[in-house]
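# model this:
(chains A, B, C and D)
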There are 2 protein chains.
Amino acid sequence: MARTQPTPSLRPTIRDVAAQAGVSVSSVSRVLNREPHISPELHARIMRVVDRLGFEPDSAAQALRSRASNTIGCMVSDISNPLYSEMVNAAEEELQRAGYVLMLGATRHAEERETAFISAVRRRRMDGLLLFAGDNTHKDFTSALATLDLPCVGIDREVPGAPSVRADHRGGGFEVTRYLIGLGHRRIALLTGPAAVLPSTERVAGYRQAHIEAGLEVDLDLVRPQVHGSGIAFSDVCQLLQGPAPPTAIITLGTHMLASVMDALASNGIRYPSDISLVCIGDTDLARHATPAISALTWDLSEIGRIAAKTLLERVRDGDQAQDTRPIYLPTRFILRHSCAEPRAK
Amino acid sequence: MARTQPTPSLRPTIRDVAAQAGVSVSSVSRVLNREPHISPELHARIMRVVDRLGFEPDSAAQALRSRASNTIGCMVSDISNPLYSEMVNAAEEELQRAGYVLMLGATRHAEERETAFISAVRRRRMDGLLLFAGDNTHKDFTSALATLDLPCVGIDREVPGAPSVRADHRGGGFEVTRYLIGLGHRRIALLTGPAAVLPSTERVAGYRQAHIEAGLEVDLDLVRPQVHGSGIAFSDVCQLLQGPAPPTAIITLGTHMLASVMDALASNGIRYPSDISLVCIGDTDLARHATPAISALTWDLSEIGRIAAKTLLERVRDGDQAQDTRPIYLPTRFILRHSCAEPRAK
DNA sequence: CTCAATCATGGAAACGTTTCCAAGAACAAC
DNA sequence: GTTGTTCTTGGAAACGTTTCCATGATTGAG
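Model (predicted):
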């Protein structure tokens, strides 16, 4: 954090441009900001000098004076998760096109890093905030966020007073569960993310709903929210398989988790679809190319990222009048492959 | 870009703190910046007010005055590529720990977006720049970069005057090729990224070297640099397989490309390892869990990201004296699985 | 022809920090 | 007791923009 003594800048300032063009500083500013009431001659004269000098206005000075930094914050728990990186990628493209730069804050699920990022957002005068799925029980974070008073958009996350863009995880969970129930399964394990994260909450809700509609009880022991990382699913699956009433079907996340579920099946000598049915949430190369190929629930990640970015930009531009905070839902799609069958007769 | 009229800030400024504590503004600044020669009483009095008011210094003003933004730029072609997102993730962690924020610029392989990002780096007074692998024939970008005069670190990329952190792609390419040659293969296809990107260049060099050491000719028709995206590998593989002298082994990138190579094999009725041998570069869930499992070349992505970030931070802190620009190499590791065999006797 | 409105520009005051400079107090050395 | 140092603090000038206000030149309505 050691600050060094400022050296005289080598870069031309707006004053240099004004001097060389023989006009006032405010005229240069007006030309650069495309304000009305400027004569063509003045415009041409100034732009010539701007080009010749290669003048680029200083963002810090602009932000200081005008209170806008052309910067959007992006808070995500784990950018190395392909689900997130694909959404971030699409969002960044949209923001870049509009002249904004994306500031990335990876929280790694730690609330202190979430609140720290909020502080950075405020100090840096970011113009908007993209909030990706995260633990909604973090109270300190929620209250820090509330003090922010900044255009926000939630992605697979509820944000008080802000719109959100979400895949229909509840509907997806429902559809997959209903499909498995329809095949005759009665003990369906659900391996999903941490319970306090919206997609998981919704997924479990869909799962329950499917059971209720079929008149079945839900055995909560079969619902296994996984802490982050890939190691845990393995032992959970082993435990379920070796328990007194093992599941006949497993629904699991496609990213990270699917691989360790497959490992667990293999090390217990269990094969799909004959011994157990398998569905994964979030399509992956692995799901597509495993043998047999694995049925998967999928949705358009890029589209979510794009819509979120566009929605946020609208709010940034319109200021406070944008009060439509209804969530935007994107459908999921169930891709049937060859990983499911009727359960074995007992 | 429409700027609104600045409203009187609700947030306390350093002046408010000074007034409430009954001290001068410069004293507050000194306390906040941990400068020496401050009496404990003054320190306590100021910090009390800082805490009570929840004062957070404004980054724009700091950047304007001190010419440091505590911001690191990160230029990457495609953040949705798991190879990159994992490195970025590790780098971000390191930077965050040091109090820096990462500004992401995804170029999507377009030179205009590369130069635009350089401009953003300058305008925003970023303190350093992480440059991920990209097309090294982009002259406009190279010259724009040269004018920047900022601490940089290349990742799987050469940057004039700056150190770089790289996996030993040449060694990896050599090792894999030698292994396949050792099995008896004489026609080994190499599907890699665009030729002008360092890892591909190096990989091809290793591939050639292995051929030369074995006294074999290199058939350049077998070396297929792929343009970005996954579609192309499919047709390239089909073309090779259906050609007059099809390869008996394929080396392909693990990310994106492996899946379409497998598709191409399947649709030509060709099975590995019996009909053809297969190795992928960059380990993935798919490589691990395909049947048979696919031998893969791997390396430590997180470590690369961490080292790059640390190296950059050193350079940012030390200013210009850090003149060691030797590349830092990380080893690759070849994981033998069951996707290779001796070529069929003709 | 007058008076007001609009246009086109310039001057200067912000924005919120850091840092230079000055100055008094305390302290040490002679 | 004088004379330098070193501490400790305050005042004020930057940093590079945007934007308010002022001013003279046009224009238009009556």
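# Helices along chain A, start to end?
Remark: helices assigned in chain A by DSSP state H are A:14-21, A:25-32, A:40-53, A:59-66, A:82-97, A:111-123, A:139-146, A:169-182, A:198-213, A:231-242, A:257-267, A:285-289, A:301-318.
# Pretty sure A:Arg166 sits against A:Thr332.
No - at 10.4 Å, A:Arg166 does not count as touching A:Thr332 under the criterion of CB atoms under 8 Å. C-beta coordinates here come from the backbone N, C-alpha and C atoms, glycine included.
# The closest residue in space to A:Val31 that isn't next to it in sequence and DNA strand D: what is the separation?
If the residues on either side of it in the chain are set aside, A:Val31 comes closest to A:Ile46, at 4.6 Å by CB to CB, 6 or more residues apart in numbering or on different chains. Separation of A:Ile46 from DNA strand D (CB to the nearest atom of the strand, to the nearest Å) stands at 12 Å.
# Tally up the residues packed near A:Ile46, please.
24 (other CB atoms under 10 Å in any protein chain shown).
# which residues touch it?
With contact set as CB atoms under 8 Å, 6 or more residues apart in numbering or on different chains, A:Ile46 has these partners: A:17, A:21, A:23, A:27-28, A:31-32.
# same thing but 7 Å
Shown in contact with A:Ile46 (CB atoms under 7 Å, 6 or more residues apart in numbering or on different chains): A:17, A:21, A:23, A:27-28, A:31.
# Same check on A:Ala341?
A:Ala341 sits next to A:183, A:273-274, A:277 when contact means CB under 7 Å, 6+ apart.
# contacting residues around the residue in the stretch 151-300 of chain A that DNA strand D sits nearest to?
Per CB to the nearest atom of the strand, the residue of the stretch 151-300 of chain A with the smallest distance to DNA strand D is A:Pro151, at 17.6 Å. Counting by CB under 7 Å, 6+ apart, A:Pro151 touches A:128, A:312, A:315-316.
# now the nearest residue in space to it that is not next to it in sequence: how far from A:Val153?
The shortest distance from A:Pro151 to any non-neighbouring residue, by CB to CB, 6+ apart, is to A:Arg315 (3.8 Å). Shown here: A:Arg315 relative to A:Val153, a distance of 7 Å by CB to CB, to the nearest Å.
# And those two? Which one has more around it.
A:Val153 (28 against 23).
# Beta-bridge partners for that one, please?
A:Leu130 (DSSP bridges).
# That one touches A:Thr311, doesn't it?
Yes - using CB atoms under 7 Å, A:Val153 is in contact with A:Thr311, at 5.1 Å.
# Give me the helix or strand of chain A that scores worst on average pLDDT.
In chain A, the helix or strand scored least confidently by mean pLDDT, DSSP states H and E is helix A:231-242, which has a mean of 88.
# name the helices or strands packed onto that helix?
strand A:188-192, helix A:257-267 (3 or more CB pairs under 7 Å, 6 or more residues apart in numbering or on different chains; DSSP states H and E).
# can you put the ones you listed in CSV and add mean pLDDT, mean neighbour count and distance to chain B?
Below are these laid out as CSV (pLDDT from 0 to 100; neighbours: other CB atoms under 10 Å in any protein chain shown; distance: least, CB to the nearest CB, whole Å):
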stretch, mean pLDDT, mean neighbour count, distance to chain B
strand A:188-192, 96, 25, 15
helix A:257-267, 94, 21, 4
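# Mind putting those into a markdown table with distance to DNA strand D?
What follows is the helices and strands packed on helix A:231-242, written out as a markdown table (distance: least, CB to the nearest atom of the strand, whole Å):
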| stretch | distance to DNA strand D |
| --- | --- |
| strand A:188-192 | 47 |
| helix A:257-267 | 48 |
